[in-house]
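S.K.: Mind folding the following:
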Amino acid sequence: MADARAVGIDLGTTNSAVAWIDESGRSAMLRNSEGDLLTPSVVLFDDAEILVGKEAKRLAPLHPDRVAEWVKRDMGKPAYSRPVRGQWLPPEVIQACILRKLKADITATLGPQHKAVITVPAYFDEPRRKATADAGEMAGLDVLDIVNEPTAAALGFGELLGYLSPQGKPLGEMVIMVYDLGGGTFDATLLRLAAGEVRTLATDGDVQLGGHDWDTRLVDYAAGVFQKTHGRDPREDPASLARLYAAAVEAKHTLSARTRTILRVEHAGRVCDVPIFRQQFEEITADLLERTAYTSRQLLQAAGLRWSEVARILLVGGSTRMPMVPRMLQELTGRVPDRTVNPDEAVARGAAIYARYLLWLERGPGAAPFRVTNVNAHSLGVEGIEPQTLRKVNIILIPRNTPLPAKATERFMTRTEGQRSIVIQVLEGESSLPGECTAIGRTVIRDLPAGLPKGWPIEVTFEYQRNGRLTVRGVVPGTDRQVVLDLERDAGLSHEGISRWKQAVGEGAGFDALEKMVQEVLNLPAVPGSQPTREGPPGPAPAPDAWEMPVQPLAGSRGSPSAAITVADVSGTSGAGVEAELAAPSPRAAPASGFHSQPAPLYGPAGGTWGQTEAAAASPSPARKPAPPPLPLGAPLVADARGASPKAGAGPSKLGQHRPEPAVVFEPVDAASGSNGSPRGRFVHVAGVVLSGLLGIAVGYLLIAWLFPDRVPRLW
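M.R.: As a prediction, this is how the structure comes out:
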């Protein structure tokens, strides 16, 4: 497929769009079969066919139980947030239906020879990215890659200003911020544009914040007025709620052009016309807007920049048309936001440019006239055990905002004789607590050579690709064993499940035909906890029992952390090596006493440090705290430091990763000596509290009796 067309797909929460690279070499929008540039991301599962787009949106109020919308927010979860015709469908299957419709539009215009790039929010974690790629595969698309939406928008902006072409005349190197407020997600990204280069500096966002939240505020307000007038809540009826949401969206659009509108609420044969003023709308949604302002301030702080160093504020996403958004940004940054690129088209155009860029790279490293560098939105680490407390902690190997691709290697060593297998829990997130991070999977080193002595080194390598996909590898030095570790995800469809869903989605039949395969697919063996059921949305599957076996960092190795990776002891007493799975991390930390039947509690090395870089240990930084109260718009911001974005392995971003202080010599506390985690320790603690209380009462009585001898009765 040497002459394949480069196509970009903006798979949005409320609307989707497609762009391609035309014969002149520039991006162009592609119209759908209805003649529109935007296709509503709405799917209606009818008996004879599956409708996608404008018609599905029109019929949604009539058949609310057959419609799926705002599915993008559920990506990465086992099932869509509510059943469709009694079935709990995986969200990537519904997204695949949308992509199948877009593929048909592409094929009708460009022919079958095309390769696509699909966009995702920059703050999507790995399971959500994986689900998006799976949806493209189910739809039968030839997916080159997935790319962050702000990066795509910057490419569209760069094309317009001549940064991506040798014949272009760019304005010079500049830093821009992409403020991307879409229908269901929000991203803020800082990028540096130079002639022939687009480099991401830092990114932040909120995958549960978008224009849909503004719609919901209008729905709740209007429903409250209706309820006060007629004594009934229209949100209790699915059909009335669907009509109310449609009216709220229209009212929001009207308020972007006018200062007043009427929102009509219809329910149970009653009608209520609710007047809405723009100022009133802005007041009831002020906290949502402030969440985007707070994220933007945090982003600037993470990059170590000042607003005066940001040349352009690029608006992306249809929700940025609300007048409150550019006004807030102008007050915050001191700059008038840039509307050079159409907010609805920028991401799709940039995705098409990125698809052409990848096709160029297939010819050779020097074939592309420009370079694109992305960063990871979330830190990657492994679950370990802090030796001072034996609590589970997140040991970060690749900090957030590290330029991609990135690679990090850490050396650990076994703590038992003849250890045959190691299970490593891979985490994504900034918190030091594993329960507050996303467990994106397990990696397993199986069948280690028999008879390995205690303290044998194991090298674990993380490779983070440009598209945010992770590969984990393990090597056993001194042997001929080099193991590529398979990422076993805690959620998501199996390969067989993807193939079966691809067959079901690709047939193009209605829900009757699809339903015949639903139960077959749901009964396929898959990753524990990943499959929905008829009874309700799935929850995490119970994990099998596992021991916590230390794999101590090798003394003198790079980044010797003061903790061990949590592994499953699979060697057993006989050394047969029957594999056991590691239980998923619990949100509540393990008790300090850390009792396990076998083996003995972990002891950390004296003087070890956490998360050292290639050269030296990173200085410790405080734990990331909850967001402070929002600052007033336009409040001055002083960045922590000046400089470029963190380099690969350069330690945590300014937003703060929690890295404990360098460890001291760990001396275990025996259960019988009074540890608070043991029964005796708890008894001593309670007894101490009771005795202290009694002593306080006695001292108080004696003091009062001494001051007022005539007023206090004597006890003896």
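S.K.: Just the buried positions in stretch 299-314, please.
M.R.: 299-305, 307, 310-314 (16 or more other CB atoms under 10 Å). Backbone N, C-alpha and C define where each C-beta goes, glycine included.
S.K.: List just the nearest of those residues to Gly136.
M.R.: Closest approach to Gly136 among the buried residues of stretch 299-314 (CB to CB): Leu314, at 26.3 Å.
S.K.: can you tell me how far that closest one sits from Gly418?
M.R.: 59 Å (CB to CB, to the nearest Å).
S.K.: again with Ala79
M.R.: For Ala79 relative to Gly418 (CB to CB), the value is 43 Å.
S.K.: Can you pick out the residue with more neighbours from those two?
M.R.: In this view Ala79 and Gly418 are compared by other CB atoms under 10 Å, and Ala79 has more residues nearby, 22 against 19.
S.K.: Averaged pLDDT, the longest helix along the chain. What do you get?
M.R.: Scanning the chain for the helix with the most residues, using DSSP state H, yields helix 679-707. Computed over helix 679-707, the mean pLDDT rounds to 78.
S.K.: now do stretch 150-165
M.R.: 89.
S.K.: ok, and for that stretch, which residues are buried?
M.R.: Buried-residue list, stretch 150-165, by 16+ other CB under 10 Å: 150-161, 163-165.
S.K.: mind listing the helices in the stretch 351-500 of the chain by residue range?
M.R.: Using DSSP state H, counting those that start in this stretch, the helices of the stretch 351-500 of the chain run over residues 495-506.
S.K.: and if you look at the chain?
M.R.: 54-59, 91-110, 126-138, 149-161, 211-230, 238-255, 278-284, 286-303, 324-333, 346-363, 495-506, 511-522, 679-707.
S.K.: Show me what the third one is packed against.
M.R.: I take that to be helix 126-138. Contacting helix 126-138 under the criterion 3 or more CB pairs under 8 Å, 6 or more residues apart in numbering; DSSP states H and E are the following elements: helix 91-110, strand 114-120, strand 143-148, strand 438-445, helix 495-506.
S.K.: Quick one: closest of these to Val689.
M.R.: strand 438-445 (37.4 Å).
S.K.: Return the residues in contact with the closest residue in space to Asp215 that isn't next to it in sequence.
M.R.: Nearest non-adjacent residue to Asp215, counting by CB to CB, 6 or more residues apart in numbering: Ala248, 4.8 Å away. Counting by CB atoms under 8 Å, 6 or more residues apart in numbering, Ala248 makes contact with Asp215, Thr216, Leu218, Val219, Ala222, Leu263.
S.K.: again with Gly53
M.R.: So Gly53 contacts Asn32, Glu34, Thr39, Pro40, Val42, Lys101 (CB under 8 Å, 6+ apart).
S.K.: The second one against Val52, yeah?
M.R.: Spelled out, it's Glu34. No: contact criterion CB atoms under 8 Å: Glu34 and Val52 do not qualify, at 10.8 Å.
S.K.: okay, now the domains of this protein?
M.R.: The chain breaks down by automatic domain parsing into domains covering 5-209+288-373, 378-492+543-668, 670-716.
S.K.: tell me the most buried of the ones you listed?
M.R.: domain 5-209+288-373 (a mean of 21; mean count of other CB atoms under 10 Å).
S.K.: so who does Ala346 touch?
M.R.: Applying CB under 8 Å, 6+ apart, the residues near Ala346 are Ala152, Ala153, Gly156, Phe157, Leu314, Val316.
S.K.: now, among those residues, which is nearest to Ala131?
M.R.: Ala152 (18.7 Å).
S.K.: if I read this right, the closest one contacts Tyr354, doesn't it?
M.R.: Yes: under the criterion of CB under 8 Å, Ala152 makes contact with Tyr354 at 6.1 Å.
S.K.: so what sits against both of the two?
M.R.: Common neighbours of Ala152 and Tyr354 (criterion: CB under 8 Å, 6+ apart): Gly8, Val117.
S.K.: Point out where the stretch 51-200 of the chain drops to low pLDDT.
M.R.: 166-170 (pLDDT under 70).
S.K.: and what of the chain?
M.R.: 1-2, 166-170, 387, 415, 467-469, 480-494, 507-510, 512-682, 712-716.
S.K.: Pick out the residue closest to the middle of it.
M.R.: Asp125 (3.1 Å; CA atoms, centre = their mean).
S.K.: Distance of that residue relative to Ala131?
M.R.: 10 Å.
S.K.: Need the overlap of contacts for the two.
M.R.: Gly76.
S.K.: distance of Gly441 from Ala28?
M.R.: For Gly441 relative to Ala28 (CB to CB), the value is 39 Å.
S.K.: Over to Arg335?
M.R.: 30 Å.
S.K.: And Gln330, by the same measure?
M.R.: 31 Å.
S.K.: hang on, the earlier thing: out of the helices and strands packed on helix 126-138, flag the one nearest Gly455.
M.R.: strand 438-445 (16.1 Å).
S.K.: by contact count, what packs against the closest one?
M.R.: helix 126-138, strand 422-428, strand 470-475, strand 482-485.
S.K.: got these as a markdown table, with distance to His253 columns?
M.R.: As requested, the helices and strands packed on strand 438-445 are arranged in a markdown table below (distance: least, CB to CB, whole Å):
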| stretch | distance to His253 |
| --- | --- |
| helix 126-138 | 28 |
| strand 422-428 | 36 |
| strand 470-475 | 40 |
| strand 482-485 | 49 |
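S.K.: and the end-to-end length of stretch 159-171?
M.R.: 12 Å (CA to CA, to the nearest Å).
S.K.: Okay, the nearest residue to Asp65 once chain neighbours are set aside and Leu30: tell me how far apart.
M.R.: Closest residue in space to Asp65, ignoring its immediate chain neighbours: Arg85 at 6.3 Å, by CB to CB, 6+ apart. According to CB to CB, Arg85 and Leu30 sit 31 Å apart.
S.K.: returning to what we had before: among the contacts of Gly53, which one sits closest to Gly183?
M.R.: Using CB to CB, those come closest to Gly183 at Pro40, 10.0 Å.
S.K.: Can you tell me how far the closest residue to the closest one other than its chain neighbours is from Asn374?
M.R.: The shortest distance from Pro40 to any residue other than its chain neighbours is 4.4 Å, reached at Lys57 (CB to CB, 6+ apart). Remark: distance between Lys57 and Asn374 (CB to CB) = 33 Å.
S.K.: what does Ser165 give?
M.R.: Counting by CB to CB, the gap from Ser165 to Asn374 is 21 Å.
S.K.: same question, Leu44
M.R.: 36 Å.
S.K.: Many thanks, I have nothing further to ask.
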